[in-house]
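**Student:** Give me coordinates for this.
(one chain, ligands or ions: 1)
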Amino acid sequence: MPNRGKLIVFSAPSGSGKTTIVRALLQNPELNLAFSISASSRAPRSNEIHGKDYYFLSPEEFKKAISKDEFLEWEEVYPGQYYGTLKTEVERLRNEGKNVVFDIDVKGGMSIKKHFSDDVLAIFVQPPSVKVLAQRLIDRGTESDEKIKLRLDKAHLELAFAPSFDHILINDNLNEAIANAQELILNHIL
Ligand code: 5GP
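**Tutor:** Residues are numbered from 1 along each chain as shown. Alright, predicted model coming up:
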């Protein structure tokens, strides 16, 4: 039987730089990573592509997938916005022998850890401060003021989950954070 890929979860408050770190890691062939594309009921941003960034589902389609037990985990990450990891997605990538990388919220991350236990390396990306987080969300310019406020309120709750993760990766210097993440992953997969 071929080796099954390992799992690497990245969770963090929105704006912590986690997506940038994950994108950089995916470029490194030594890590043999593949991105677990989540399903989401939110509207795509202008630069996002269905089947690459997310599987964008309508709220009705998302609820149907829940009732058919198609998710490994799902969360209403923001009011009315559902996100979830499809069982088929993870199976497909693991069967290809890929190490699967997840960019999901803290509760989803803990669910994946519980489900696959030692096969999972769970990394919490910690922003230097909530103030820096706020500035990053403003600079990104993809969310309304109201949505930014929601995300910052949630950030306070999410930071409390950090100690439950295998590692806390401080992201005050992007290149260092990427290098540290790389080392953690190599230790986990080899
Ligand atoms: P965004 O709307 O900025 O793309 O993502 C919002 C949040 O949803 C992020 O914290 C992201 O990590 C999380 N998220 C994305 N996919 C999933 C998923 O499949 N499951 C869970 N639980 N959270 C997810």
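**Student:** For the chain, what lies in contact range of the ligand?
**Tutor:** Contact residues (Cβ under 6 Å from any ligand atom) of the chain with the ligand: 14, 38, 42, 73, 75, 77, 83-85, 103-105, 107-108. C-beta: built from backbone N, CA, C; applies to glycine.
**Student:** And the helices in the protein?
**Tutor:** For the chain, the helices defined by DSSP state H occupy 18-26, 59-67, 87-95, 106-116, 130-140, 145-159, 174-189.
**Student:** would you turn those into JSON lines with distance to residue 5?
**Tutor:** JSON lines is the format used below for the helices of the chain (distance: least, Cβ to Cβ, whole Å):
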{"stretch": "helix 18-26", "distance to residue 5": "14"}
{"stretch": "helix 59-67", "distance to residue 5": "23"}
{"stretch": "helix 87-95", "distance to residue 5": "5"}
{"stretch": "helix 106-116", "distance to residue 5": "11"}
{"stretch": "helix 130-140", "distance to residue 5": "31"}
{"stretch": "helix 145-159", "distance to residue 5": "27"}
{"stretch": "helix 174-189", "distance to residue 5": "8"}
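**Student:** Among those, show me which one is buried the most.
**Tutor:** Comparing the helices of the chain by mean neighbour count (mean count of other Cβ atoms under 10 Å), helix 106-116 ranks first with a mean of 19.
**Student:** Check which helices and strands it sits against.
**Tutor:** Helix 106-116 sits against strand 7-11, strand 71-78, strand 81-86, strand 99-103, strand 120-126, with contacts defined as 3 or more Cβ pairs under 8 Å, 6 or more residues apart in numbering; DSSP states H and E.
**Student:** Please repeat the previous calculation with a cut-off of 7 Å.
**Tutor:** strand 7-11, strand 71-78, strand 120-126 (3 or more Cβ pairs under 7 Å, 6 or more residues apart in numbering; DSSP states H and E).
**Student:** most packed of the ones you listed?
**Tutor:** strand 7-11 (a mean of 25).
**Student:** what pairs with it, and is each one parallel or antiparallel?
**Tutor:** Its sheet considered, strand 7-11 pairs with strand 99-103 (parallel), strand 120-126 (parallel) by DSSP bridges.
**Student:** re earlier: can I get the helices of the chain in TSV with distance to residue 10 and mean pLDDT?
**Tutor:** As requested, the helices of the chain are exported to TSV (distance: least, Cβ to Cβ, whole Å; pLDDT from 0 to 100):
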stretch	distance to residue 10	mean pLDDT
helix 18-26	5	95
helix 59-67	22	97
helix 87-95	15	96
helix 106-116	8	96
helix 130-140	16	87
helix 145-159	13	89
helix 174-189	8	97
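**Student:** In the protein, what residue comes closest to the ligand?
**Tutor:** The nearest approach of the chain to the ligand comes at residue 108, 2.3 Å away (Cβ to the nearest ligand atom).
**Student:** just to revisit the earlier point, among the helices of the chain, which comes closest to residue 53?
**Tutor:** Closest of the helices of the chain to residue 53 is helix 18-26, at 9.5 Å (criterion: Cβ to Cβ).
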